[in-house]
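Engineer: Dropping a prediction and its sequence here:
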Amino acid sequence: MARRNKQSVFEDLIDVTALMPWWMGTVLAFVSYFMLHALATRPAPVMATAAQVSDGITHVFVGGLAMIGQYLLPFAFSLGALVSFFKRRKAGQLHDSAARRADGIASMSWREFEALVGEFFRRQGYSVVQQGGAGPDGGVDVLLQKGSDRYLVQCKHWRALRVGVQPVRELYGVMAARRVAGGFVVTSGEFTEEARRFAEGREIQLIEGNALQRGVRAQAAPAPASRATGNRPMPIRPEELAPVAEPAARSAPSCPLCSAPMVLRQARNGAAPGKQFWGCSSYAQTKCRGTRELAS
């Protein structure tokens, strides 16, 4: 494997800023300039005693660094913000392309697929940070946040293989370690039945390629805001998720508390562990605990 060239701190700063929303890099550029400019233009202290001379030397040293940094840091943050802006713009173009073309997802590279997934969640109202992994299957690829809740996303751009249970288990372990509200595994293909069974009853959702394609098209199509939801982002609908292991087809009812679509879940504990029931699909986003009994 080729050895990775070492980057300078300046290049690392640009790379880190490029992973943030572009406006955040712009804010950092302004803040860093004004803070460092204030340090660089401080009046020199009087140096009449030995202690004052020591303070004066420190002042000159800090002032010299601030004099350079007041231009260097804002420049790095601005470059990172510019890269982030163009990445966001490209992600929007990928989203539009995937919505128009039948093979829009399958023809993407893994990097483009990750960018598309980030844009898919961004249009649902999440704050999105791309992790920028070093390979097509390395670690958590996207970080999401909505309000105080954080979510992890693993992208699997596998064209030939079905995604098994192991990546789902691994993400679930990372979710527990980081104490996040939930997670998503998104693939351009399909999941195995074992992977689907493992995800049942856990705060982890599986999104297959066909479902992602439908979701992207639905986001691209203009839809009037209803009185019930206003402009709030809608949660991922049950038909956008991988089906549960139960093969019996059921029509999903609406949540009795918030009217969102419901999904089939399985109790892990309580009075009837293993029992299936309808749970609110927006629980991960709004913590709505609406439930309905499963009709026999």
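Structural biologist: Received it, and whenever you're ready, just let me know what you need.
Engineer: Tell me which stretches of the stretch 51-200 of the chain form strands.
Structural biologist: In the stretch 51-200 of the chain, the strands defined using DSSP state E, counting those that start in this stretch lie at 127-130, 142-146, 149-156, 182-187.
Engineer: among these, which is nearest residue 193?
Structural biologist: For the strands of the stretch 51-200 of the chain, proximity to residue 193 was assessed by C-beta to C-beta; strand 182-187 is nearest, at 14.4 Å. All C-beta atoms are positioned from the backbone trio N, CA, C, and that covers glycine.
Engineer: helices or strands next to that closest one in the packing?
Structural biologist: On a contact count with 3 or more C-beta pairs under 8 Å, 6 or more residues apart in numbering; DSSP states H and E, strand 182-187 meets helix 110-122, strand 149-156, helix 165-178, strand 204-207.
Engineer: Could you rerun that using 7 Å?
Structural biologist: Packing partners of strand 182-187 (3 or more C-beta pairs under 7 Å, 6 or more residues apart in numbering; DSSP states H and E): strand 149-156, helix 165-178, strand 204-207.
Engineer: how much distance is there from the lengthiest helix in the chain to the middle of the chain?
Structural biologist: Ranked by number of residues, the top helix in the chain under DSSP state H is helix 50-100. Relative to its chain's centre, helix 50-100 lies at 23 Å (C-alpha atoms, centre = their mean, to the nearest Å).
Engineer: on contacts alone, who are the packing partners of it?
Structural biologist: helix 9-18, helix 22-40, helix 110-122, helix 209-220.
Engineer: re the thing from before, would you list the helices and strands packed on strand 182-187 in JSON lines and tack on mean pLDDT and mean neighbour count?
Structural biologist: Formatted as JSON lines, these follow (pLDDT from 0 to 100; neighbours: other C-beta atoms under 10 Å):
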{"stretch": "strand 149-156", "mean pLDDT": "92", "mean neighbour count": "22"}
{"stretch": "helix 165-178", "mean pLDDT": "92", "mean neighbour count": "15"}
{"stretch": "strand 204-207", "mean pLDDT": "93", "mean neighbour count": "22"}
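Engineer: In TSV: the ones you listed, plus distance to residue 263.
Structural biologist: TSV is the format used below for the helices and strands packed on strand 182-187 (distance: least, C-beta to C-beta, whole Å):
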stretch	distance to residue 263
strand 149-156	16
helix 165-178	17
strand 204-207	9
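Engineer: about what we covered before: give me whichever of the helices and strands packed on helix 50-100 is most buried.
Structural biologist: Comparing these by mean neighbour count (mean count of other C-beta atoms under 10 Å), helix 110-122 comes out on top with a mean of 23.
Engineer: tell me which strands and helices that one is in contact with?
Structural biologist: Right, helix 110-122 is packed against helix 50-100, strand 127-130, strand 142-146, strand 149-156, helix 209-220 by 3+ C-beta pairs under 7 Å, 6+ apart.
Engineer: Just want the angle from that helix to helix 50-100.
Structural biologist: 90 degrees (axes from the mean of the first three to the mean of the last three C-alpha atoms, to 10 degrees).
Engineer: what mean pLDDT does helix 110-122 have?
Structural biologist: The pLDDT scores in helix 110-122 average 89.
Engineer: what is the orientation angle of that helix with strand 142-146?
Structural biologist: Going by the same axes, to 10 degrees, helix 110-122 makes 10 degrees with strand 142-146.
Engineer: can you list contacts of helix 110-122?
Structural biologist: For helix 110-122, the external contacting residues (C-beta atoms under 7 Å, 6 or more residues apart in numbering) are 87, 90-92, 94-95, 98, 105, 108, 128, 130, 136, 141-142, 144, 153, 155, 157, 186, 188, 212, 215-216.
Engineer: try stretch 47-66
Structural biologist: Under C-beta under 7 Å, 6+ apart, the answer for stretch 47-66 is 36, 39-40, 42, 44-46.
Engineer: how far does it sit from the chain's center?
Structural biologist: On the basis of C-alpha atoms, centre = their mean, stretch 47-66 sits 46 Å off its chain's mean C-alpha point.
Engineer: List the buried residues of that stretch.
Structural biologist: For stretch 47-66, the neighbour count (16 or more other C-beta atoms under 10 Å) marks 59, 66 as buried.
Engineer: mind exporting that stretch as PDB, just the C-alpha atoms?
Structural biologist: Provided in PDB are the C-alpha atoms of stretch 47-66 (Å, rounded to 0.1, in the frame of the first residue of the first chain):
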ATOM      1  CA  MET A  47       9.900  47.400  30.100                       C
ATOM      2  CA  ALA A  48      11.500  49.200  33.000                       C
ATOM      3  CA  THR A  49      12.200  46.200  35.300                       C
ATOM      4  CA  ALA A  50      13.400  42.700  34.700                       C
ATOM      5  CA  ALA A  51       9.900  41.200  35.100                       C
ATOM      6  CA  GLN A  52       8.500  43.700  32.700                       C
ATOM      7  CA  VAL A  53      11.300  42.800  30.200                       C
ATOM      8  CA  SER A  54      10.200  39.200  30.500                       C
ATOM      9  CA  ASP A  55       6.600  40.100  29.900                       C
ATOM     10  CA  GLY A  56       7.700  42.300  26.900                       C
ATOM     11  CA  ILE A  57       9.500  39.400  25.300                       C
ATOM     12  CA  THR A  58       6.400  37.200  25.700                       C
ATOM     13  CA  HIS A  59       4.300  40.000  24.200                       C
ATOM     14  CA  VAL A  60       6.600  40.400  21.200                       C
ATOM     15  CA  PHE A  61       6.600  36.600  20.600                       C
ATOM     16  CA  VAL A  62       2.800  36.200  20.900                       C
ATOM     17  CA  GLY A  63       2.200  39.400  18.900                       C
ATOM     18  CA  GLY A  64       4.500  38.100  16.100                       C
ATOM     19  CA  LEU A  65       2.600  34.800  15.900                       C
ATOM     20  CA  ALA A  66      -0.700  36.600  16.000                       C
END
